[in-house]
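Enquirer: This is the structure alone, sequence omitted:
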């Protein structure tokens, strides 16, 4: 059975630095008909479970620890009987939502995973948050970027735990080195490609 990427959208809120915003988050599930992994845990356990179906979920890979991406992670972990994985550089952000409740396993730059017969590698891309992590699936020609890279450019900075200079370096050095045809599946909004965003950046912030 061939690996594929499944997609849905859930709606809720994002809160940081005393402000709250309405947001729509993408839900991404990578796998085949038998097993899968879930990226992030936004807003609705039911929406994620519907996308997973009766497949075995072997992990919940958290791209970063902003509350709209991790708020439902413990509940989803219990529902799917799947471990939560997070880059520990986002520990302080995680604590804002979950206090001393731990996630299950750490993710580090270069960690490799195999799911549904395809390989995937974790790419550390700090900037939007200290522990932001993307997941590259070369055989499917895609990368899941969380809130690091969107259609239109880098993810938001200017709030606590973020850095514009750092996110630009992460995108330039870690993502723009991927093949230009690589499809970028984002945490919010439409997908794009590495090539399209590289061209856009050359006319904007990339020097």
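Expert: Sure thing, it's come through. This structure is a prediction, so every number in the text was calculated from the model and none was measured.
Enquirer: which phi and psi does residue 23 have?
Expert: Note on residue 23: its backbone torsions stand at phi -140, psi 150 [degrees, to the nearest 10].
Enquirer: how about it, what does it touch?
Expert: 11, 12, 13, 14, 68, 188 (Cβ atoms under 8 Å, 6 or more residues apart in numbering). Where you see a C-beta, it was placed from the backbone N, CA and C, and this is true even at glycine.
Enquirer: what about this structure, any weak spots by pLDDT?
Expert: In the predicted model, the chain carries pLDDT under 70 at residues 1.
Enquirer: At which residues are the strands of it located?
Expert: 4-16, 19-31, 35-39, 56-61, 84-86, 105-106, 112-115, 118-124, 133-137, 142-146, 149-150, 153-154, 183-186, 192-193 (DSSP state E).
Enquirer: Mind putting those into CSV with distance to residue 199?
Expert: Formatted as CSV, those follow (distance: least, Cβ to Cβ, whole Å):
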stretch, distance to residue 199
strand 4-16, 24
strand 19-31, 23
strand 35-39, 26
strand 56-61, 29
strand 84-86, 32
strand 105-106, 35
strand 112-115, 30
strand 118-124, 21
strand 133-137, 19
strand 142-146, 17
strand 149-150, 13
strand 153-154, 11
strand 183-186, 13
strand 192-193, 10
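Enquirer: thinking again about what came up before, just flag the most distant two among the contacts of residue 23.
Expert: Spanning the widest gap among these are 13 and 188, at 12.9 Å by Cβ to Cβ.
Enquirer: ok, back up a step: save the contacts of residue 23 as CSV, and put in neighbour count and distance to residue 195 too.
Expert: What follows is the contacts of residue 23, written out as CSV (neighbours: other Cβ atoms under 10 Å; distance: Cβ to Cβ, whole Å):
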residue, neighbour count, distance to residue 195
11, 13, 30
12, 16, 32
13, 12, 33
14, 20, 29
68, 25, 28
188, 19, 21
